[in-house]
Structures are given as structure tokens and as C-alpha cells.
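Participant: no sequence on this one, just coordinates:
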Ligand SMILES: Nc1ncnc2c1ncn2[C@@H]1O[C@H](COP(=O)(O)OP(=O)(O)OP(=O)(O)O)[C@@H](O)[C@H]1O
């Protein structure tokens, strides 16, 4: 390519650019953080590639980022001597967005048009606009670059006004690496100031492990009675600390620095809920700096998304999607792990097999669980601030459902995870009941932790199955997260007490029922036998069994499944997702005390009533009658 080419942005980029320039107004300065971060990534990449090919350093082994401005030309330029871009890479990387979930994100942004610009800005910030954030302050961006290892003539100039298209052409560029030249908008000229730029770099990029250089300024006395001013000299000075934050001693780092670092690596605008910074010694040595965010990212449910923990080896960046470092159910954790033992050229395959990596992963998982346990402890700590007390509830609201995946995924830590669970219950509208709280409130003689799963909390709360529990004042945990049913399969007991679904298995409150109640139930069952036999016959295609129950108080009937069977709700969910579900019939339980059930005996409508009972039990449980029209017909026949 020697000719200038004009190319169109991928549709998503054009959309994103529009959002960027319209929503990020209130937090303009982040553009510098993004561009410096890209420059630093480019240097990391060079260092990593150079492990195999030292020649890539050419004659410049000292990696650095330079920030310079030109008041006359109204430009701000960020230059790095990192890996650089080939022409094709410039077209591919600066014209498209490779991130997974982009389309969903943009869809959501347009769906949330009504939210305030600030909120939109936060969402975009989280998404990470990266390079394109330059257009917040620039009405034109020129990128000049040459990839390390390519001849000087194979440089590239990319330029765009940030609307529909961009131009690329071949240039000669002796220096390796990239310059991003921002042609500032009129309202962004205050960035043409050493003081301003230094303060932004200090705020966001201090920890970047490369030196960030700016030209030194000097005071120059005015001549001919003119006032003096600061002028730029030819000398460059380092304006950041240039030492990786995590490699500094804890005592030298302020909470603000931790928070700023977190914002830098996560693109989050909110400070994290908690962090842990430790040097782990022993057979495997590494440093971990891990953060728990306060807000879930837009793609939390994408289990394939990039993990949030970056891997470094002796402060050299290795990779940032090292899922081997964190289990999937902790995919919301952000941070850095810096190993002292792994080889620098560690490959993905090696990562998966390495004993060191396994030790790091286990250690980091335990560390995250400790952080969460500490937040949970603060909830009940009288001396904690209101903010600290509320942190675990905030965490749970954002990430609770993800953490539950761990019950199935991480058997080794199941007990600790169980301690972190929180639920709504018949005694608490808020999802704030822990299994330990529940146990402490159990009735005398109560042998199990009772729970119910349903499609919504309201459906769970109003389920007929809870009637007798209410009557007896026994608490039942209410669950309506999609993962609950699956996750609870893995948790059969807590601290020696079994968990029991109130919709599964035969009803047995054990010692919670007194002898008289048991006797009355047995008598009723005995007296009801002939009717049961008829019901079984009438419903033989739909119900596995029909039996008398004392779990109901106000409702005539309900459906249950056998112990260990799949709940009707899960079966429905799987069917909706197009999965095969074993065809198991539920058990119909009837309340012999209910007027409608009493009416059955000797009724001329016996057959219709039997089916209505069954269909109503389906409805009450959140499902639909198999044949809704037939149901309506039967009810109408009785009403007429
Ligand atoms: N200074 C640079 N040197 C080399 N390549 C760069 C530079 N800046 C950007 N790029 C390339 O452009 C791509 C897009 O950059 P952008 O900042 O939009 O996203 P990203 O860096 O991949 O994602 P994120 O900002 O969320 O980390 C980068 O992945 C990189 O390949």
C-alpha cells in the first residue's frame, strides 16, 4: 500500500464513537489514562515478544512513553516505543472493536437512552472505550506507527475525524512504536499545560511501570518589561513514579493509590469494595493485589469473558486473560498476580498444567473468600462505619448469583461458600439471611433448613407449600435466582443440618408436629382412602401418585416431586432452553380439610373437579395447564 486509502469504521465503532463524544463529557480527562495505558500495553507486548527475538529492541532497549504538546498547533501527542502497528494492524485494530459482547453492550446503551449522561458515561467507562476516548477531546486523531522488526518504510499513518471513516497511508518512520496525535477541540485547550497533564498522569498512571516523560519547563523572565512565563526546554523528565504499585511495600501505598490503580485496570469509576495486597512466600512465591468491584460489569453473565486478573512474571506483563488464575465463579475479581517463579515465556498450555499456577489459583481463591468473609463480618460489627456495614449487602446484590456457581464448581471451598450465601426468607424481604442466621432461629425440634425455589420471589413467597410453615412460624428460605436450583443440588447440608426443599419429597415435619396432629392426619388419610383411589384413577395420566397432605392450610392441592427429582420449575426452565427433560410425573397432594376437596366425595362433577384441582396446582406453582382451553371449559361448566 502506498496510496492513501479511505476505509469505513465497523458499524459498532461508529456507534461507540457517537456515544463517546456525547456521554463522556463530564469525565473528559480519562482519555489520557486510556492512551497512556495503551502505550504501556504496547511496551509490555514488545517486551514479551522480545523474549523470543531480542532483535526487536533494535537499538532502543529502554521502553518509555512520552507526552508532549504544541500550543501553536493545538496538538497533544502520546508516543511510545512499544510494539507498534503494521498497516494491516492499524486497519484492523483502530477500525473495529474486537471485544466480545460489544453488540449487546451497544444495544443496552441505546435501550438506556433515557438514563443520564453521567450514568451512560459510567457504563461506557466500564466497557472500556480505550483508544476511541481520544475523540472526547480531539476532533481529529492521527496515529503514526511502525511495528517493531519492520523496515522504516513500512510505517503507517492513520487519521480520522471520528465519524464514519478513516484514512490510512504508508509512511517512513525510523522510530519503532506509535505516536497518537490529538488535534484538540477548542474546548479542550486546557490540556495544553504541563501542570494539568502532570496532575492527570499522577492521578491515573503513577503506577505504570514504565517511565512517562514530559519536557521540562523552566521559568523565563520577560524581556522589555513583559511578564515572565514558563517555557518548555529540550530536556525530558520522568513524571510518574514508574514502579509497579504492587511491588511497593504496603505501608507506602495510600488507599487513594489503591483505588486509582483499581480504576485504571478496571475502567470502573467507582472505588472497589475491598482489596487485598500480599506477598505470598513458600514453595511458590508471588504477589497478589486483588480487588472486589462495587458494581457488576455489563457482561458478568458471559462466562467466557476475559478474566479480570492480569498475570505478570517479575513485573513483566504476560497476559490478561489468564483464566487459570481464578475460578470462573470469581470472574468479577480484578487485579494483578506477579509470580517470581514462572518462566517469562510461559505459554497458555503451560499455565494450565503448572503446579505453581495451581498453587497461585488456590491461594488467590482463598484470599478472595477471606476478603468476602471480612466484608460479611463487618455487617455485624457494631464498631464498623455504616458504609462498611453495608458493603457485603452491596456485594451480594451485584455478585451473589455468580458466587453461587462456586457451590458446584469449587467443592474444596464449598463450606466457606455456604457461609457466604444470603437469602430472602419468609421472615426477611431482603436477601440478607445467612444459613447461620437461619440455624440460630430454628424452632426446637426442627431438623432441616427449609427452602423453596421459584421463578420469582413473589411466586416463592405465595406458594401454597409454605402454608403450614407459616402457620407454625417456621422460616423458609426463598430462592429465585436461575442458578439456585442447580447450585442447591451441591449443597445438601450446612453445619450438620440438611437442606430440604419444601416442594420435594413427602411432607414430614418430624418433631414439629405433635402427636395429636399426626394422629388427625393419619385419620384423615384413612377416611379419605376411597376418594384418593378415585382421584388416582381420574388423574392416572398426569400424576404419579395422589396423597393426602398436612402441608396445606388454605389451598386445596399442590404438586410435589419425589426426593432427588428435578423440580417442576427447573424442568420448565430447561424445556424453554430447548433441552431434553426426562418425563417425570409429579405427585398431587390434597388438603382433606379444604371445602373443594371435601366436595369431591359423591360429586357428579368428580372427574372435572379432579382435573381442575390438578391444573390449579400447576398454576399456583407458576406453570401453565397442559391444555389451558380444557381447563377454562371445565371451570366455566362449574360456574355456570
Ligand atoms: N499505542 C499503541 N501501540 C500499539 N497498538 C495499539 C496502541 N494503541 C492501541 N493499539 C491497538 O489498538 C487496539 C484497540 O485499542 P483500544 O484501546 O480501543 O482497545 P484495547 O486496548 O484492546 O482494550 P482496552 O482499552 O479495554 O484494554 C489495541 O488492542 C491495540 O492492538
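Facilitator: Perfect, I can see it now. Here the structure is a predicted model, which means the values were calculated and not measured.
Participant: Tell me how the chain divides into domains.
Facilitator: With domains defined by automatic domain parsing, the chain comprises 5-240, 247-403, 421-501, 515-640.
Participant: what helix or strand is the closest residue to the ligand within the stretch 151-300 of the chain on?
Facilitator: Residue nearest to the ligand within the stretch 151-300 of the chain: residue 178 (3.9 Å; C-beta to the nearest ligand atom). Where C-beta positions appear, they are placed from N, C-alpha and C, glycine not excepted. Assigned by DSSP states H and E, residue 178 belongs to strand 177-184.
Participant: same question for that strand, mean pLDDT?
Facilitator: The average pLDDT for strand 177-184 rounds to 98.
Participant: Which strands or helices does that strand pack on?
Facilitator: helix 30-50, strand 75-80, strand 138-146 (3 or more C-beta pairs under 8 Å, 6 or more residues apart in numbering; DSSP states H and E).
Participant: Partner strands of it and their direction?
Facilitator: strand 75-80 (antiparallel), strand 138-146 (antiparallel) (DSSP bridges).
Participant: What segments of the stretch 501-640 of the chain are strands?
Facilitator: For the stretch 501-640 of the chain, applying DSSP state E, counting those that start in this stretch gives strands covering 545-548, 557-560, 587-590.
Participant: Quick one: closest of those to residue 477.
Facilitator: strand 557-560 (17.4 Å; C-beta to C-beta).
Participant: mind listing what's buried in the helix or strand containing residue 350?
Facilitator: Following DSSP H and E, one finds residue 350 within helix 348-353. Of the residues in helix 348-353, residue 351 count as buried by neighbour count, 16 or more other C-beta atoms under 10 Å.
Participant: After it, which helix or strand is next?
Facilitator: helix 355-379.
Participant: What residues does the residue in the chain that the ligand sits nearest to make contact with?
Facilitator: Relative to the ligand, the nearest point of the chain is residue 130 (2.2 Å; C-beta to the nearest ligand atom). By C-beta atoms under 8 Å, 6 or more residues apart in numbering, the contact set of residue 130 is 34, 37, 38.
Participant: let's see it at 7 Å
Facilitator: Neighbour list for residue 130: 34, 38 [criterion: C-beta atoms under 7 Å, 6 or more residues apart in numbering].
Participant: ok, now residue 407?
Facilitator: Residues in contact with residue 407 (C-beta under 7 Å, 6+ apart) are 414, 417, 487, 490, 491.
Participant: Format the residues you listed as a markdown table; extra columns: pLDDT and distance to the ligand.
Facilitator: A markdown table is the format used below for those (pLDDT from 0 to 100; distance: C-beta to the nearest ligand atom, whole Å):
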| residue | pLDDT | distance to the ligand |
| --- | --- | --- |
| 414 | 96 | 34 |
| 417 | 97 | 30 |
| 487 | 91 | 31 |
| 490 | 93 | 34 |
| 491 | 94 | 36 |
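Participant: Now flag whichever of the residues you listed is closest to residue 358.
Facilitator: residue 414 (18.3 Å).
Participant: Point me to the helix or strand that includes the closest one.
Facilitator: For residue 414, the element it lies in under DSSP H and E is helix 414-420.
Participant: Would you mark the buried spots in that helix?
Facilitator: For helix 414-420, using 16+ other C-beta under 10 Å, the buried residues are 414, 416, 417, 418, 419, 420.
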